[in-house]
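Trainee: Sequence first, then the predicted structure, then my questions.
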Amino acid sequence: AQKVTQAQTEISVVEKEDVTLDCVYETRDTTYYLFWYKQPPSGELVFLIRRNSFDEQNEISGRYSWNFQKSTSSFNFTITASQVVDSAVYFCALSQNRDDKIIFGKGTRLHILP
Amino acid sequence: DAGVIQSPRHEVTEMGQEVTLRCKPISGHDYLFWYRQTMMRGLELLIYFNNNVPIDDSGMPEDRFSAKMPNASFSTLKIQPSEPRDSAVYFCASRGDREEKLFFGSGTQLSVL
């Protein structure tokens, strides 16, 4: 069975602070894919990143970075120097192989306070 | 491409009525997914299709829910009869065989009174 846990239901930080969103996953497969999606207040779901299980290199994209650690089954997401526009619900997701369903965590609602 | 198109954007209905949600995936995409979003459960996968064939419907809550994909460009999710607890945002998403990511529609906000 596959499962994604985002233990942080809601986080509030002041603008310019760094914030890390946690994601822990469970899967029996050795080949799997991990995702992060952003859902801003407008409601649409925006793809941020996909990582496959064989690539443990950390990823950085501007102020966003992702830390994938197979040893702890975690795929955490850090926003550096947060901005008000980063306020959104962030979802971590998992698919067990290329052609399988994508299961989402319950999401973390992030508030960036001005 | 116009992206994944869902209709209606908003639906308000009374308990017991039939509700039909519609989705047009991106042309050429082989996979279509239906998700439901609620505060309590987050984003739940209801069912997904590959080449118009239902592959996994284990997330469909009960027999009141049914989904069809009669052709590659159209899918429906039907709830009959609807209940207040079905109130949620329903998302449709599609993906091509070589795509990394899911493309989501704008969702249908369903309110069952």
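Mentor: Perfect, thanks for sending it.
Trainee: Point out the residues in chain B that sit beside chain A.
Mentor: Counting by C-beta under 8 Å from any C-beta of the partner chain, the residues of chain B close to chain A are B:31, B:33, B:35, B:41-45, B:48, B:50, B:55-56, B:89, B:91, B:93, B:100-104, B:106-107. Placement of C-beta: from N, CA and C, glycine included.
Trainee: Generate a PyMOL selection restricted to the buried subset of those.
Mentor: This is the PyMOL syntax for the buried subset of the residues of chain B next to chain A, where burial follows 16 or more other C-beta atoms under 10 Å in any protein chain shown:
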select buried, chain B and resi 31+33+35+42+43+44+45+48+50+89+91+93+101+102+103+104+106+107
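Trainee: Ramachandran coordinates for the closest residue to chain A within chain B?
Mentor: Ranked by C-beta to the nearest C-beta, the top residue of chain B for proximity to chain A is B:Gly42, at 3.4 Å. When read as degrees, to the nearest 10, the backbone of B:Gly42 gives phi 70, psi -140.
Trainee: is it true that it touches A:Gly105?
Mentor: Yes. Contact criterion C-beta atoms under 8 Å: B:Gly42 and A:Gly105 qualify, at 6.6 Å.
Trainee: Quick check: neighbours shared by these two?
Mentor: Common contact partners of B:Gly42 and A:Gly105 (C-beta atoms under 8 Å, 6 or more residues apart in numbering or on different chains): A:Phe91.
Trainee: Could you check the pLDDT of the residue nearest to B:Tyr35 when sequence neighbours are not counted?
Mentor: Among residues not flanking B:Tyr35 along the chain, B:Phe91 sits closest, at 4.4 Å (C-beta to C-beta, 6 or more residues apart in numbering or on different chains). According to the prediction, B:Phe91 has pLDDT 97.
Trainee: Show me the contact partners of stretch A:56-73.
Mentor: With C-beta under 8 Å, 6+ apart as the test, stretch A:56-73 has contacts from A:24-26, A:34, A:36, A:48-49, A:51, A:53, A:55, A:74-83.
Trainee: now that stretch: how far from the chain's centre is it?
Mentor: Here the centre of stretch A:56-73 is set off from its chain's centre by 10 Å, with C-alpha atoms, centre = their mean, to the nearest Å.
Trainee: Name the residues of it that are buried.
Mentor: Quick answer for stretch A:56-73 (16+ other C-beta under 10 Å): A:Glu59, A:Tyr64, A:Ser65, A:Trp66, A:Phe68, A:Ser73.
Trainee: Go through these and name the one nearest chain B.
Mentor: Chain B lies nearest to A:Glu59 out of these, by C-beta to the nearest C-beta, at 13.1 Å.
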